[in-house]
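Q: Okay, predicted coordinates and the sequence, questions at the end:
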Amino acid sequence: MRVLVTGVRGQLGHDVVLHLREAGRECRGVDQEDFDLTDAASVMACVREYRPTVIVHCAAYTAVDRAESDADLCCRVNGQGTGNLVKAALDVDAALVYVSTDYVFGGDGETPFETDAPKNPRNVYGMSKLQGEMAVTAQMEKYFVVRTSWVYGLNGKNFVRTMLRLGAERDEVSVVCDQIGSPTYSDDLALLLCRMIQTRKYGVYHATNEGFCSWAEFAEAIMEEGGLKCRVRPIPTSEYPTPASRPLNSRLSKESLDRAGFPRLPEWREALKAYIRCLNTENGKER
Ligand SMILES: NC(=O)c1ccc[n+]([C@@H]2O[C@H](COP(=O)([O-])OP(=O)(O)OC[C@H]3O[C@@H](n4cnc5c(N)ncnc54)[C@H](OP(=O)(O)O)[C@@H]3O)[C@@H](O)[C@H]2O)c1
């Protein structure tokens, strides 16, 4: 097995490469410097040169709010860019993992979305990621589409880092309490993706840390685990307007994992504890 990982300078791609290396797998991580997803010729050249048997596609335009005023680039990266990678994967007969998002769903109701629930993205980013899904599923047979949500990792900016910073600076932060979903530690997700690619159990999956919470509950847990005294004031989404509309219900059903015999990821609170332990070690607090 020879694995090409896109988005190696991002949160998830970084962790996928670490896990593959730990497992002694032959792999190469690439980023925009190696090829730009929007440039079909350079994507094809990079894939033909390395000739992977599997591509784990973690690269994406992920700036959800900026995408509202930058729709063309967002769709060229996530939609057509994924199409370019699909063509290259087919050319070398590689399997492809496409990491997608809860934002492909409209967010109605309170029940978890099954993998085949109707899609109805509310924002440009969600639409572009759905275009990417369609490019994969329409043309390939050897694919894993893995939808995840609320990702945080050691290699990048994310909600946990923002809350830890604000929590150290302020007495109180206001956080929305009516968007419900599942935080996901990229290290846990990366391990699952590395397990998936050792199988031929192709298909569409949902993979997040277990359990559901609101962003406000998540923020409270971050303050507690981070040992910070900052209060979290729960507010409705209507009091925190953003350029991109976000789904209120981001709950994803994980039954697809059960059916295929893949393990579910750890509970979100346990994952958060592990992440903050790692951050503290990185910062030298545990040395
Ligand atoms: N973050 C979340 O909360 C979340 C939630 C649901 C799903 N996802 C999905 O999970 C995957 C991983 O997310 P993440 O948080 O790890 O993303 P991330 O940290 O933002 O990393 C994205 C990577 O993609 C690269 N990239 C952007 N545009 C590119 C282009 N035109 N050509 C080549 N590479 C390009 C970026 O490179 P530069 O650093 O050079 O820009 C970066 O390394 C993505 O598919 C994302 O859509 C994320």
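A: Done, it's in.

Q: Let me see the ranges of the strands in the stretch 1-150 of the chain.
A: 2-6, 26-30, 54-57, 95-101, 143-148 (DSSP state E, counting those that start in this stretch).

Q: Nearest to Ala260 among those would be which one?
A: Between Ala260 and the strands of the stretch 1-150 of the chain, the shortest separation by CB to CB is 9.8 Å, and it involves strand 143-148. In short, each C-beta sits where N, CA and C put it, glycine included.

Q: Any chance you could list what contacts the closest one?
A: Strand 143-148 has contacts (CB atoms under 8 Å, 6 or more residues apart in numbering) with 95-102, 104, 115, 133, 136-137, 184, 189, 192-193, 196-197, 202-208, 252.

Q: what residues are up against the residue of the chain found nearest the ligand?
A: Closest residue of the chain to the ligand, CB to the nearest ligand atom: Gly10 (2.0 Å). When contacts are counted by CB under 8 Å, 6+ apart, Gly10 touches 31, 58-60, 62, 155-156.

Q: Who wins on neighbours among the residues you listed?
A: Cys58 (29 neighbours; other CB atoms under 10 Å).

Q: low pLDDT regions in the chain?
A: Along the chain, the parts satisfying pLDDT under 70 run over 283-287.

Q: okay, the contacts of Gly10 in JSON lines with distance to the ligand next?
A: As requested, the contacts of Gly10 are arranged in JSON lines below (distance: CB to the nearest ligand atom, whole Å):
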{"residue": "Asp31", "distance to the ligand": "5"}
{"residue": "Cys58", "distance to the ligand": "4"}
{"residue": "Ala59", "distance to the ligand": "3"}
{"residue": "Ala60", "distance to the ligand": "3"}
{"residue": "Thr62", "distance to the ligand": "4"}
{"residue": "Asn155", "distance to the ligand": "7"}
{"residue": "Gly156", "distance to the ligand": "4"}
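
Q: Mind picking the two most distant members of these?
A: Of all pairs in the contacts of Gly10, the most separated under CB to CB is Ala60 and Asn155 at 14.6 Å.

Q: follow-up on the earlier one: can you select the buried ones among the contacts of strand 143-148 for me in ChimeraX?
A: Here is the ChimeraX command that picks out the buried ones among those, judged by 16 or more other CB atoms under 10 Å:
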select :95,96,97,98,99,100,101,102,104,115,133,136,184,189,192,193,196,197,202,204,205,206,207,208,252
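
Q: Filter the contacts of strand 143-148 down to the ones in helices?
A: The helices, defined by DSSP state H, take in 133, 136-137, 189, 192-193, 196 from those.

Q: May I see these organised as CSV, with distance to Asp39 added?
A: CSV is the format used below for the ones in helices among the contacts of strand 143-148 (distance: CB to CB, whole Å):
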residue, distance to Asp39
Glu133, 21
Val136, 19
Thr137, 23
Leu189, 28
Leu192, 30
Leu193, 25
Met196, 28
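
Q: Of these, just say which sits nearest to Thr53.
A: Nearest to Thr53 among the ones in helices among the contacts of strand 143-148, with distances taken as CB to CB, is Met196, at 13.7 Å.

Q: The closest one and Gly226: what is the separation?
A: Distance of Met196 to Gly226, given as CB to CB, to the nearest Å: 32 Å.

Q: in its sheet, what does the helix or strand that contains Val175 sit against?
A: Element membership for Val175, per DSSP states H and E: strand 172-176. Using DSSP bridges, the strands paired with strand 172-176 are strand 231-235 (parallel).

Q: From the chain's centroid, how far away is the strand it pairs with?
A: Distance of strand 231-235 from the chain centroid (CA atoms, centre = their mean, to the nearest Å) equals 26 Å.

Q: ok, residues contacting that strand?
A: 171-177, 214, 216, 219-220, 223.

Q: Taking these, tell me the two that lie furthest apart.
A: Asp171 and Ser214 (20.8 Å).

Q: When these two are compared, which one has more neighbours?
A: Between Asp171 and Ser214, Ser214 has the larger neighbour count (other CB under 10 Å), namely 17 against 8.

Q: and that one, what does it touch?
A: Counted by CB under 8 Å, 6+ apart, Ser214 has contacts 176-180, 234.
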